[in-house]
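Novice: I'd like to go over a predicted model; first the sequence, then the structure.
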Amino acid sequence: MVQIEITYEGSLRTRAVHGPSGVELVTDAPLDNGGKAESFSPTDLCATALGACMLTIMGQVAARHGWDLTGTRVSVKKHMVKEPVRRIGKLEVVIRVPRDFDERARTSLERAALTCPVHQSLDHAIEIPLRFEWGAATSV
């Protein structure tokens, strides 16, 4: 279990403290929702969590097999929808792996990304198209 304490600071800003480490994170509402967009919005954190989780689980699989994923990057584009309520409608994910791997490794790493806990926790109403670029330049 991990406990996170979140305090509302006013002006649509929150401060979260990660219990185990004490690391702090500030959120701010986006401009189109009345905020100042001076930090990640809560829905930005959802998109961030998806990409970070995919890389983490891929990293675990890679470590077990001795595959080097150093420099792999994930780009997540978050699309909001307004109907029927304001929510995340789509998270477009592109994973750029700077090395090329054989088919067995690719299949294992792709499966790892799709089975990350965040991906498995997101509602199926959110579209999550995923594209891998193997042996790709890692600029995002």
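Specialist: Received it, and whenever you're ready, just let me know what you need. Residues are numbered from 1 along each chain as shown.

Novice: Residue 9 belongs to a strand?
Specialist: Yes. Secondary structure of residue 9, determined by DSSP: H, G, I helix; E, B strand; the rest coil: located in a strand.

Novice: list the buried ones in stretch 44-54?
Specialist: Residues of stretch 44-54 classed as buried: 44, 46-47, 49-51, 53-54 (neighbour count, 16 or more other C-beta atoms under 10 Å). (Each C-beta comes from the backbone N, C-alpha and C, glycine too.)

Novice: Ok, stretch 85-103 next?
Specialist: With burial defined by 16+ other C-beta under 10 Å, the residues of stretch 85-103 counted as buried are 88, 91, 93-98, 101.

Novice: Those into CSV, with extra columns for distance to residue 119, pLDDT and secondary structure?
Specialist: What follows is the buried residues of stretch 85-103, written out as CSV (distance: C-beta to C-beta, whole Å; pLDDT from 0 to 100; DSSP: H, G, I helix; E, B strand; the rest coil):
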residue, distance to residue 119, pLDDT, secondary structure
88, 13, 96, strand
91, 9, 98, strand
93, 9, 98, strand
94, 15, 98, strand
95, 12, 97, strand
96, 18, 97, strand
97, 17, 97, strand
98, 22, 95, coil
101, 20, 95, coil
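
Novice: which one of those sits closest to residue 72?
Specialist: Taking C-beta to C-beta as the measure, residue 72 lies nearest residue 97 of the buried residues of stretch 85-103, at 4.9 Å.

Novice: quick one: contacts for the closest one?
Specialist: Going by C-beta atoms under 8 Å, 6 or more residues apart in numbering, residue 97 touches 69, 72, 109, 132-136.

Novice: how much space between it and residue 83?
Specialist: Counting by C-beta to C-beta, to the nearest Å, the separation of residue 97 from residue 83 is 36 Å.

Novice: can you check residue 54 too?
Specialist: 28 Å.
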